[in-house]
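Enquirer: Using only what follows, build the 3D model:
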Amino acid sequence: MVKTSLKNFFKNLLYLFIPMGIFYLFLLLAVFVLAKTAFVDVKNTVSSLVALVSSSVDESSASVQDFWAYAVAQVDWNGNFLDTLRTIIDTNWVSNTIRGFFDTISSTTEGFDDKLNAIIGDFANHIIVDIVVAVVICGIGLWLANFATRFALRTKVARRNIKQVIVSRTVVPIVQTLLMIGAIWLIGTIQLYSVLVIIAIVVLYCVMAICTSYLIYRDKSLKFRDVLSARNVLMQIATAGIILAIDVVIGVAFFYVDALIAVLLMIPVVIYSANIVDVNTDSYVRELVQSKTAASTPESATEEAAKPQKSKAK
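Expert: As a prediction, this is how the structure comes out:
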C-alpha cells in the first residue's frame with residue numbers, strides 16, 4: 001500500500017495545479033472585493049468626519065479660533081527655519097495641536113463625541129462585514145478546490161460507477177456518523193491523555209477510510225476481513241505519515257524563503273495531499289477487488305489448470 005500510495009502521490013503531482021488555480025483565483029477575488037469595499041467605507045467615513053468637523057467648527061467658531069491662536073503662538077515662526085522645524089518635531093506640536101483641536105470642539109459642541117463614536121462604530125462594522133465577505137469567498141474557493149481536486153484524482157486513480165457513487169452518498173455518511181459518535185463516546189469515557197487521543201483519532205480515521213472504501217468497492221469475492229486488518233491500518237497510517245512529512249519539509253523550506261509564500265503554497269499542497277491520501281485507500285481496495293475478481297474468473301481457473309499440464313509435457 002505504501003509503495004502504491006507514494007507512486008500515486010508523485011505520479012499525479014500535476015493535479016496540484018488544480019487547487020492552486022482555484023484557490024488563488026478566489027483569493028485574488030476576495031482581496032479585490034475587500035480592497036474595493038474598504039476603499040468605499042474609508043471614503044464615506046472621511047466624508048462623514050469632514051462634515052461633522054465642519055459643522056462643529058461653525059458651531060463653536062470662537063473657541064476654535066482662540067485655540068488656533070494659542071497653538072500657533074507656541075512656535076516662534078520668525079526664527080530660523082530649521083529651529084522652527086526642530087521645535088515642531090521635538091515638542092510633538094502637530095499631534096498636540098490635533099488632539100487639542102478635537103478636545104476643543106468636543107467640549108464646545110453638543111453631541112460631538114456621540115456622533116464621532118457613531119461614525120467610527122459604523123466604519124468598524126463595515127470593515128468587519130467586508131472581512132467576513134472576503135473570508136467567505138476564500139472558504140468557497142477552498143471548498144471548490146478540494147472538490148475539484150478530489151474529483152480529478154478519483155477519476156484518474158479510483159473511478160466509481162453510478163452504484164458506487166450512490167453508496168458513497170447514502171450509506172457511507174451514516175457509517176461515518178456512527179463511527180464518530182462511537183469515537184466521541186469512547187474518548188469521553190476513558191479520558192485518555194491528549195497524545196493518546198490524537199493517536200486514537202488517527203487510527204479511527206484510517207479505519208473509517210478503509211471501511212468506507214470497502215462499502216463502495218466491495219464485491220462478493222472480497223471479504224471484509226481481507227480489507228480491514230491491522231496491517232492495512234498500519235500501512236494507511238504510514239502512508240499518511242510519509243506524505244505529511246513531505247508536506248512539512250516543503251513548508252519549512254519555503255518558510256525560510258518567505259512566510260507568506262510558504263502559507264500560500266502549503267494551502268493547495270495540503271488540499272492535494274489530503275485528497276491523495278483519501279483516494280489512495282479507494283485505489284488499494286479497488287485493486288484488491290479487481291485481483292480477487294480476476295482470480296475467481298473461469299478463464300483464470302483454466303489458465304491455472306493448464307500450467308501444470310504444460311510443465312508435465314515438457
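
Enquirer: in the stretch 101-250 of the chain, which spans are strands?
Expert: Counting by DSSP state E, counting those that start in this stretch, the stretch 101-250 of the chain has no strands at all.

Enquirer: shaky segments in it?
Expert: 157-202, 218-222, 226 (pLDDT under 70).

Enquirer: all helices of it, in order?
Expert: Here the stretch 101-250 of the chain has its helices, by DSSP state H, counting those that start in this stretch, at 112-157, 162-190, 194-217, 224-227, 230-255.

Enquirer: going on from the last one, what's the next piece of helix or strand?
Expert: Tracing the chain C-terminally past helix 230-255 and defining elements by DSSP states H and E, one meets helix 259-296 next.

Enquirer: Counting by contacts, list what that following helix packs against.
Expert: Helix 259-296 sits against helix 2-11, helix 17-59, helix 112-157, helix 194-217, helix 224-227, helix 230-255, with contacts defined as 3 or more Cβ pairs under 8 Å, 6 or more residues apart in numbering; DSSP states H and E. For glycine as for every other residue, the C-beta is placed from the backbone atoms N, C-alpha and C.

Enquirer: Distance from the chain centre to that helix, please.
Expert: Chain-centre distance of helix 259-296: 19 Å, with Cα atoms, centre = their mean, to the nearest Å.

Enquirer: Report the buried residues of it.
Expert: Within helix 259-296, the residues that count as buried by 16 or more other Cβ atoms under 10 Å are 262, 265-286, 288-289.

Enquirer: Ok, stretch 127-147 next?
Expert: For stretch 127-147, by 16+ other Cβ under 10 Å, it's 127, 130, 134, 137-138, 141-142, 144-146.

Enquirer: mind putting the residues you listed in CSV, distance to Phe224 included?
Expert: Shown next, in CSV, are those (distance: Cβ to Cβ, whole Å):
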residue, distance to Phe224
Ile127, 55
Asp130, 52
Ala134, 47
Ile137, 43
Cys138, 41
Gly141, 38
Leu142, 34
Leu144, 35
Ala145, 34
Asn146, 29
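
Enquirer: ok, these vs Gly100, which is closest?
Expert: Distance to Gly100, by Cβ to Cβ, is smallest for Ile127 among the buried residues of stretch 127-147, at 28.3 Å.

Enquirer: Correct me if wrong: Cys206 contacts Ser229.
Expert: No. Using Cβ atoms under 8 Å, Cys206 is not in contact with Ser229, being 11.4 Å away.

Enquirer: Can you pick out the residue with more neighbours from the two?
Expert: Cys206 (22 against 12; other Cβ atoms under 10 Å).

Enquirer: so what's that one up against?
Expert: Going by Cβ atoms under 8 Å, 6 or more residues apart in numbering, Cys206 touches 233, 236-237, 240.

Enquirer: so which of these is the most crowded?
Expert: Neighbour count (other Cβ under 10 Å) singles out Gln236 as the most crowded of the contacts of Cys206, with 24 neighbours.

Enquirer: Return the distance of it relative to Ile105.
Expert: According to Cβ to Cβ, to the nearest Å, Gln236 stands 69 Å off from Ile105.

Enquirer: ok, now Val257?
Expert: 51 Å.

Enquirer: try Leu85
Expert: Going from Leu85 to Ile105 by Cβ to Cβ gives 27 Å.
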